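Visitor: pasting the sequence and the predicted model now:
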Amino acid sequence: MRGVTEMKDCANHTGTRAVADCANCGKPLCADCIEDYEGEDSLCYDCIVERQLSDFKDKGDAERAERVSTEEGGTRRLGSIAFIVVASVLTALVLGAAGFILYAHFTRSSAAAGTPEQEMVWDRDDCLLSMENVREALTAYRGDKGAYPDSLTALEGSYLEETATCPVSGAQYVYRKTAAGYLLECPNPDVHGVASITAGPSDVPHYDDNQPSAYWDH
């Protein structure tokens, strides 16, 4: 675990002594804020979420490379056993990441609550992971049906256990079919302090961090 080189307050909790720096970004962390991810200790919550989303992208790239190779070789179909196995692994990763997020949120005590700005970032990360879950459901639907659905309601029940909504506002994600596949958007990115949160068949959920002026005015 990387040590703290000088006495500092935790970046999340003013007045609480930091015991380590984040091994990725260098942010000072108190004992309540230190997380572990795949054997790496002394990481902050935000860096772990970034690692998870990066892992999602790497897995998605591998899946697309496999699909292109399969289609060019003409030896397997999109809905082959190999594709189903890959989709199942990706779904397990999404569910595992979502479980980690819920665990991290529910194990924070009231004394360890972040600032309003930090809570906004945590809520945004929850939305990113929720959108990734919807994205994987869309991929599975296309694998079974041969095309993306006309609306997100077609995913409910068989492909999604819950409705495809933002976990913060409860509003349904905006979904539009396009020539390239689809565009998935958070309906209320302003509550997360960003201009937009989007995803597509080839793009993991990502946000435009051009903060709306109203956010900074508060």
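Guide: Perfect, I can see it now. Numbers count the residues shown, from 1 in each chain.
Visitor: please count neighbours and contacts with C-alpha atoms only from this point.
Guide: Fine.
Visitor: what about the helices in the protein?
Guide: Along the chain, the stretches classed as helices by DSSP state H are 45-73, 81-106, 116-145, 213-217.
Visitor: list the buried residues for the longest one?
Guide: Meaning helix 116-145. Using 16 or more other Cα atoms under 10 Å as the test for burial, helix 116-145 gives 120-143.
Visitor: which intervals of this structure have sub-threshold pLDDT?
Guide: 1-6, 38-41, 57-114, 210-218 (pLDDT under 70).
Visitor: try it again with 80
Guide: Counting by pLDDT under 80, the chain shows low-confidence ranges at 1-7, 35-42, 51-118, 209-218.
Visitor: how does it divide into domains?
Guide: 1-43, 45-217 (automatic domain parsing).
Visitor: thinking residue 135 is in contact with residue 202, fair?
Guide: No. Residue 135 is beyond contact range of residue 202, at 9.9 Å (criterion: Cα atoms under 8 Å).
Visitor: and for residue 44, the neighbour number?
Guide: 26 (other Cα atoms under 10 Å).
Visitor: any figure for the gap between it and residue 119?
Guide: 14 Å (Cα to Cα, to the nearest Å).
Visitor: ok, now residue 30?
Guide: Residue 30 is 17 Å from residue 119, by Cα to Cα.
Visitor: ditto for residue 171
Guide: 19 Å.
Visitor: just give the closest residue to residue 53, not the sequence neighbours.
Guide: Distances taken as Cα to Cα, 6 or more residues apart in numbering place residue 204 nearest to residue 53, at 7.3 Å, with adjacent residues excluded.
Visitor: right, and the one you found touches residue 132 too?
Guide: Yes. Residue 204 lies in contact with residue 132 (Cα under 8 Å); the separation is 6.6 Å.
Visitor: what's in contact with stretch 149-163?
Guide: With Cα atoms under 8 Å, 6 or more residues apart in numbering as the test, stretch 149-163 has contacts from 134, 137-138, 140-142, 164, 172, 175-177.
Visitor: re earlier: distance of the residue nearest to residue 53 from residue 9?
Guide: 34 Å.
Visitor: what's the answer for residue 24, then?
Guide: Taking Cα to Cα, one finds residue 24 at 18 Å from residue 9.
Visitor: so for those two, which sits in the more crowded spot?
Guide: More neighbours surround residue 9 than the other of residue 24 and residue 9, with 16 against 13 (other Cα under 10 Å).
Visitor: hmm, that one is touching residue 15, no?
Guide: Yes. Residue 9 is in contact with residue 15 according to Cα under 8 Å; the separation is 5.8 Å.
Visitor: in contact with residue 137, which residues?
Guide: Residue 137 sits next to 155, 159-160 when contact means Cα under 8 Å, 6+ apart.
Visitor: in the sheet, who's paired with residue 183?
Guide: Per DSSP bridges, the residues bridged to residue 183 are residue 176.
Visitor: pretty sure it is touching residue 197, no?
Guide: No. Using Cα under 8 Å, residue 183 is not in contact with residue 197, being 10.6 Å away.
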